[in-house]
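S.K.: A predicted structure for the sequence below; I have some questions about it.
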Amino acid sequence: MNNFDETYYIDFGLTQFVSIFLSISIILISLFGFFSDKSYRSRFIWFVNFFWSSLLLLNRTRLSGLQIEWTLIEQVLVNFVIFIPSTLILYLISIFPTKNVSSNAYSSNLSEISSSDAKIMLVVLKIFVFVISIIFIVDLIIYGVPLLSMNLGSVILNDTRLSARTPILYTFAHSWVLIAVIAASMLVFHHRIAKRWLSLIIILYTFHSILMFGRGTVIYMFATILLCFFIFSKRTNVNKIVIVILPILSVLILFSLAGTLRQSLGDQESLIPFSIVEYGLFNEHTPEFFSWLYGYAVINFDNLILCIRDFQVRGEMGFKTLLNFAPSFVGELLNMEYSSRAADGIQSLPYVGRFNLPTAYGSIGYDYGWIGVFTYSLFIFSMLPIVFYKNFTNLGPSSKIFLVYLILSFLFITITNLLFTSRILGFISGILMFKFIFLILKQSKIN
């Protein structure tokens, strides 16, 4: 559906000013908090606030003609979705400090991994790569290769690409890939081992994504590697930034080219190639890769507003959040008529144009409105003092892997929900499996 024609919401300038003022204020407060607070948990919260408000400020530039008008209350609430819950948690952390978190929790040795643990992690990593490879190979043999359907058009290609694959294991395997990537990156950037294994994972997973004609999972993989580089590398921060600029631009350009190719398959008889700039009603001089980035990461705030408005009109839950975990199972419980097509229809949310990603809060806003969005935001930030109650240096490999995943989920917070969908079930299962194998190997070595 295309809901960009919202004639009931007219902005006379005040609401736009309020949003921009709030965004800039939160950005400045977040920068001050980040550089003045040395706790890794607090710094994480300030960074998320900076990131959310920066993208929101970019959204309010209204570079796409598909974007909608927001009311004054919507401008205020969307600015505070992260700020109010996270600062409340920061306050609770300050008045209830744990004895395991010292003032120098963010030190130069925060990524320390012992040599013995590193060797055990390498063995666990090899086991993960073997298991994941078996799952993907068996899946391709049973369900086919979507890339071979490329000449049949985008509809058939997407049906093949998005159709049900190996139950549970296929979804879990993608989460286990991220665990393997994080573990390998930790070893490469801190101990300078496992370089071949990290390269092998990158090559095999990229090849699998090409066969599946997918982009998102590869983006997650490369983002994870760059994130681990920032956390675990011993280089200076300035050096890190300089090194990652070119890889980031390369990934964005490849993402843009893949998107243009996939959209062009939908109209093979047309002599005019698909243009994201024209479709998104951008200025004709806007670079293609920036238009894709803006459409997939920035316009999503508008989709979130549409989801919440939809709830306000209905006044009842829509079960979208539950359907993100197990569509068929939940459909049976709710006595819904289910097929792959019906599942797509039930799970669809309001959006503008083809930019159909409603941020991590979309389905929750659709089901519960602003109250649900703020409650969920408070819940995810409350995980920090509960799960990560130790110094970073004292966290085990599994806890560090989970923290990286948590940071990754916020880097993609305007694109997808990595914490409250079936993905998190796969990731938790992988973390438990990783920790279990790690402890077994460590115990056997001690004995």
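M.R.: Arrived safely. Computed from a predicted model, the values in this text were never measured in an experiment.
S.K.: so where's the stretch 101-250 of the chain uncertain?
M.R.: 101-112, 149-164 (pLDDT under 70).
S.K.: Can you show me the strands along the chain?
M.R.: Secondary structure of the chain (DSSP state E): no strands present.
S.K.: care to break it down by domain?
M.R.: 14-106+300-351+357-442, 115-293 (automatic domain parsing).
S.K.: Now tabulate the ones you listed in JSON lines and tack on mean neighbour count.
M.R.: C-beta here means a position set from N, CA and C on the backbone, and glycine is covered the same way. JSON lines is the format used below for the domains of the chain (neighbours: other CB atoms under 10 Å):
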{"stretch": "domain 14-106+300-351+357-442", "mean neighbour count": "18"}
{"stretch": "domain 115-293", "mean neighbour count": "17"}
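S.K.: list the contacts for Ile305?
M.R.: Contacts for Ile305 were tallied using CB atoms under 8 Å, 6 or more residues apart in numbering; they are Ile68, Trp70, Glu74, Val78.
S.K.: mind listing which of those residues are in helices?
M.R.: Using DSSP state H, the members of the contacts of Ile305 that fall within helices are Glu74, Val78.
S.K.: and which of the contacts of Ile305 is nearest Asn356?
M.R.: The closest of the contacts of Ile305 to Asn356 turns out to be Ile68 (CB to CB; 14.3 Å).
S.K.: any idea how far Leu395 is from the most centrally placed residue in the chain?
M.R.: Against the mean C-alpha coordinate of the chain, by CA atoms, centre = their mean, the closest residue is Phe412 at 3.2 Å. Distance, Phe412 to Leu395, by CB to CB, to the nearest Å: 23 Å.
S.K.: repeat for Thr15
M.R.: With CB to CB as the criterion, Thr15 and Leu395 are 43 Å apart.
S.K.: which residue sits closest to Trp370, ignoring its sequence neighbours?
M.R.: If the residues on either side of it in the chain are set aside, Trp370 comes closest to Leu77, at 5.7 Å by CB to CB, 6 or more residues apart in numbering.
S.K.: now swap in Ile20 and tell me
M.R.: Arg60 (5.6 Å).
S.K.: Quick one, grab the pLDDT at that neighbour.
M.R.: On pLDDT, Arg60 comes in at 91.
S.K.: what ranges do the helices span in the stretch 51-200 of the chain?
M.R.: Applying DSSP state H, counting those that start in this stretch to the stretch 51-200 of the chain gives helices spanning 72-95, 115-143, 154-162, 169-186, 195-212.
S.K.: Tell me which of these approaches Ile386 most closely.
M.R.: Nearest of the helices of the stretch 51-200 of the chain (CB to CB): helix 72-95, 9.9 Å.
S.K.: which residues sit against the closest one?
M.R.: 14-16, 18-19, 22-23, 26, 33, 39, 41-42, 45, 48-49, 52-53, 56, 70, 301, 304-305, 308, 361, 370, 373-374, 377-378, 381-382, 384-385.
S.K.: related to what we said a few turns ago, residue contacts, the residue nearest to Ile20?
M.R.: Gln16, Ser19, Ile20, Ser23.
S.K.: The residues you listed into JSON lines, with extra columns for pLDDT and distance to Val131?
M.R.: Formatted as JSON lines, the contacts of Arg60 follow (pLDDT from 0 to 100; distance: CB to CB, whole Å):
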{"residue": "Gln16", "pLDDT": "83", "distance to Val131": "51"}
{"residue": "Ser19", "pLDDT": "90", "distance to Val131": "47"}
{"residue": "Ile20", "pLDDT": "92", "distance to Val131": "49"}
{"residue": "Ser23", "pLDDT": "95", "distance to Val131": "44"}
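S.K.: Let's see which of those end up in helices.
M.R.: Reading helices off these with DSSP H, I get Gln16, Ser19, Ile20, Ser23.
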